[in-house]
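J.: Turn this into a structure:
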Amino acid sequence: MPNNIQSKQFITQLLSQLIEKPSVSPNDCGCQEILINHLEKLGFVIERMPFGEVSNFWAVLETKNPGPTLVFSGHTDVVPTGNEADWTYPPFTPTVVGDLIYGRGTADMKGSIAAMMLAADTFTKSSHFKRGRLAFLITSDEEDKAIDGTQKVVEVLRSRNEQVDYCVVGEPSSRDMLGDVVKNGRRGSLTGNLKVNGVQGHVAYPHLAKNPVHLALAALDELTHEVWDDGNAFFPATSFQIANVNAGTGSPNVIPGEMLVQFNFRFGTELTVDLIKFRVTEILDKYKFDYDLDWWLSGLPFLTADGHLVEAVSNSVTEFIGLTPMLETTGGTSDGRFIATLGTQVVEIGPINEMIHKVDEHVSLNDLVTLNKIYNSIMKSILG
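T.: Below is the predicted model:
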């Protein structure tokens, strides 16, 4: 295994190449070709899977001995930078200051990908790779719509009955220090787009109009105060949040003819999608106003409560960090929700998430060196 200085040099060089690519979702800007070139040199068989504007690839290296398939999943796309003048250093110019490297995507999640690549380089050249398959699933559509990315690749894998036993997602899971939190599941996400139908009119003649805001206020208030469930040992209670409200023409003397309300549920395994829809409809119907409601399911909840992968990840963190990680399912969604539908054990472990999506995003290079060791240890545990 390379020493820490060599590892830091490898990660810094590769991560710098990735940061230089302004790969705002869904554009990959050539990041994946850099990774493919590296993996091809290690003997991986590469399958490019572009869908629409999205770049994806599936890479596999297998031994002659039967065994499980271990996948490392990541994304090369990043969120927009915002006003670049607010950044201390240009967001797409990798800048090393002490132990930190600055740039958009350093923490979410090009840093993890660089650590994965080094781990794969070391592991596949060692004598520890004895059985099964090591694979990579990389997309450029995680931060945006997430329709033509991992979800589409998973559909292809399912259609040909690909075996995917274990998956490590490199999302920045850590809270205060590397490895203190590991995500062993995520909540589902369900969005409702509600249109309340009224009758437009003059505010001086309200009897000739129907104000959709007035019609819906009581129902919306009940939805916000509803206790949907109490959560369970793995998931917090379901959250209902109104995200957007729009009504009116901009004039103070016009009663609006319609109101648009967008809300979102983050839910665990205590509720089903059908039950959420039923309960929302039941509340809305109680108030007897005219409405249309469309739903968009972003992902179902998934959970890897225990098993070989959770054990391997926990043991690796303990070995290199000296602590037992907390297993949590909090936070947003990740592409793990798509991979889990294959019956795969999925765990997320990556850098500290404090700076993700922020101005001056950065990550610790020493943390990435340690993360590479954790990834390598997981490979040994599953495929050794």
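
J.: Now residue 240: closest residue in space that isn't a chain neighbour?
T.: residue 265 (5.7 Å; CB to CB, 6 or more residues apart in numbering). Bear in mind the C-beta positions are built from the backbone N, C-alpha and C, glycine included.

J.: got it, and residue 382?
T.: residue 70 (4.7 Å).

J.: Give the bridge partners for the residue nearest to residue 240, please.
T.: residue 190, residue 240 (DSSP bridges).

J.: what about it, distance to residue 235?
T.: 12 Å (CB to CB, to the nearest Å).

J.: How about residue 58?
T.: 30 Å.

J.: Likewise for residue 260?
T.: When residue 260 is compared with residue 235 (using CB to CB), they lie 30 Å apart.

J.: what does residue 358 give?
T.: Separation of residue 358 from residue 235 (CB to CB): 27 Å.

J.: Between those two, which is the more surrounded one?
T.: A count of neighbours by other CB atoms under 10 Å puts residue 235 above the other of residue 358 and residue 235, at 23 against 13.

J.: Look up how far residue 296 lies from that one.
T.: For residue 235, the distance to residue 296 - CB to CB - is 21 Å.

J.: Also residue 159?
T.: 24 Å.

J.: Settle it for me: which of those two has more neighbours?
T.: Taking neighbours as other CB under 10 Å, residue 159 and residue 296 compare with residue 296 leading, 11 against 8.

J.: my guess is residue 18 contacts residue 109, does it?
T.: No. Applying CB atoms under 8 Å as the test, residue 18 and residue 109 come out as separate, 10.1 Å apart.

J.: Residue ranges of each domain in this protein, please.
T.: 4-186+301-383, 188-299 (automatic domain parsing).

J.: Which of those has the highest mean neighbour count?
T.: A comparison of the domains of the chain by mean neighbour count, using mean count of other CB atoms under 10 Å, puts domain 4-186+301-383 on top with a mean of 20.

J.: per-residue pLDDT, the nearest residue to residue 31 once chain neighbours are set aside?
T.: Leaving out its chain neighbours, the residue that sits closest to residue 31 by CB to CB, 6+ apart is residue 76, at 3.9 Å. At residue 76, the model reports a pLDDT of 98.

J.: From residue 90, how far out is residue 76?
T.: 19 Å.

J.: cool, residue 227 as well?
T.: In terms of CB to CB, residue 227 sits 48 Å off from residue 90.

J.: thinking residue 29 is in contact with residue 18, fair?
T.: No. Counting by CB under 8 Å, residue 18 is not a contact partner of residue 29; they are 9.5 Å apart.

J.: can you tell me which residues contact the nearest residue to residue 77 once chain neighbours are set aside?
T.: Among residues not flanking residue 77 along the chain, residue 25 sits closest, at 3.6 Å (CB to CB, 6+ apart). Residue 25 sits next to 77-79, 140-144 when contact means CB atoms under 8 Å, 6 or more residues apart in numbering.

J.: Could you single out the nearest of those to residue 309?
T.: residue 142 (20.6 Å; CB to CB).

J.: where do the helices sit along the stretch 151-300 of the chain?
T.: Secondary structure of the stretch 151-300 of the chain by DSSP state H, counting those that start in this stretch: the helices cover 212-225, 273-286.

J.: out of the ones you listed, nearest to residue 192?
T.: Of all the helices of the stretch 151-300 of the chain, helix 273-286 sits nearest to residue 192, with 6.5 Å by CB to CB.

J.: neighbouring contacts of the closest one?
T.: For helix 273-286, using CB under 8 Å, 6+ apart, the contacting residues are 188, 190, 192, 194, 219, 222-223, 226, 228, 238, 265, 267, 291, 293, 295, 297, 300.

J.: How far off centre is it?
T.: 28 Å (CA atoms, centre = their mean, to the nearest Å).

J.: Kindly report the same for stretch 283-295.
T.: The answer for stretch 283-295 is 32 Å, by CA atoms, centre = their mean.
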